[in-house]
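Enquirer: for reference, the sequence and a predicted model appear below.
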Amino acid sequence: MSQPAPSDPDPAPEHGNAERLGIAGSGTIACGLAAAAASHGIEVTLWARSDRSLERARATLADEPEVTLTRRLDDLAEVSLAVEAVIEDQSAKQGMLRALAERLPDTGLLASTTSSLSVAGLALGSGAPERFFALHVFNPVTRMELVELCFPDEAGPDVRDRARAFCVALEKTPVEVPDEPGFVVNRLLFPYMFEAVRLLERSGLEPEEVDACMKLGASHPMGPLELLDFVGIDVADAIGEALHADTSDPAHRPPGRIKRLVGEGRLGRKSGRGFYDYG
């Protein structure tokens with residue numbers, strides 16, 4: 001009688017089964033993704049760079065489903081999907097992706113929450129482009145339904161299937177988008193928001209008036225200046241610079257008022273002041 005073949009010690013999850021999720025980062029998107037995944041029964045481990053970041057994440061997730069928090073990157077070594085969610089900087093993201101790739105099993109997938117950087121460049125920098133993809137979720141992650149998925153050429157059918165299955169497990173709608181800075185949403189959205197800032201500077205209108213026009217006249221749930229405060233003025237500045245570097249389109253260049261607000265530390269809701277005061 002023949003002996004059964006030994007089992008694979010690190011099997012990839014079957015399609016439709018929940019991934020074991022590791023998140024490298026502790027900011028708004030990282031915590032939102034952790035909460036969304038945990039609320040759908042997915043096992044989540046979230047890594048924070050510092051004790052302060054860890055405690056901030058703990059406070060953010062205090063009333064959410066269970067999430068394991070850690071300062072040890074090695075604690076992400078046994079996950080099946082590791083998502084990099086650090087600052088929107090090419091070097092920082094590539095460094096984190098390489099560190100994750102070195103720790104994951106061969107079947108572990110790598111993803112980035114980038115919203116403006118080259119997916120091909122991040123994939124190459126990760127050292128494991130064949131199992132990499134971009135997972136662009138939207139804030140607040142627990143409520144927003146869209147996920148923009150973007151794959152490098154090296155990613156095979158299994159990686160693509162598992163990425164889509166993970167989005168479905170979160171009860172979100174994945175849309176595969178081209179590898180262009182800003183993908184679809186931000187490439188269209190930021191020129192609109194930046195033009196609202198330029199109109200504000202030219203017209204002498206108040207932020208409330210510009211936002212009221214778009215909410216009442218175009219049925220937008222949030223006006224463009226409110227939305228900039230929600231996104232974060234510094235984040236908008238970084239995304240705009242990345243878009244402009246790729247397209248040379250002046251519509252993508254952050255207006256002067258964005259630069260001034262960043263310099264003053266008025267970063268929107270997270271700092272208490274932006275186009276509006278949140279004291």
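Expert: Perfect, I can see it now.
Enquirer: surely residue 238 meets residue 116?
Expert: Yes - with contact defined as Cβ atoms under 8 Å, residue 238 counts as touching residue 116 (7.3 Å). All C-beta spots, glycine's among them, are computed from the backbone N, C-alpha and C.
Enquirer: common neighbours of the two, please.
Expert: residue 88 (Cβ atoms under 8 Å, 6 or more residues apart in numbering).
Enquirer: these two: who's more crowded?
Expert: It is residue 116, of residue 238 and residue 116, that has more neighbours when counted by other Cβ atoms under 10 Å, with 23 against 19.
Enquirer: longest helix in this protein, by number of residues?
Expert: Longest helix of the chain, by residue count under DSSP state H: helix 185-203.
Enquirer: can you list contacts of whichever helix or strand comes after that one?
Expert: Downstream of helix 185-203, the first helix or strand assigned by DSSP states H and E is helix 207-218. If you take Cβ under 8 Å, 6+ apart as the criterion, helix 207-218 is touched by 196, 199, 200, 220, 221, 222, 223, 224, 225, 226, 275, 276.
Enquirer: just the buried members of these?
Expert: Listed as buried from these are 196, 200, 223, 224, 225, 226, 275, 276; burial here means 16 or more other Cβ atoms under 10 Å.
Enquirer: now, these that are in helices?
Expert: 196, 200, 224, 225, 226.
Enquirer: ranges for the helices of the stretch 1-150 of the chain?
Expert: All helices of the stretch 1-150 of the chain, identified by DSSP state H, counting those that start in this stretch, fall at 28-38, 51-60, 90-103, 119-126.
Enquirer: re earlier: from the contacts of helix 207-218, pick the one nearest residue 183.
Expert: Of all the contacts of helix 207-218, residue 224 has the smallest distance to residue 183: 18.9 Å, by Cβ to Cβ.
Enquirer: excluding chain neighbours, what is closest to that closest one?
Expert: With sequence-adjacent residues excluded and distances taken as Cβ to Cβ, 6 or more residues apart in numbering, residue 224 is closest to residue 196, at 3.7 Å.
Enquirer: many thanks, we can stop here.
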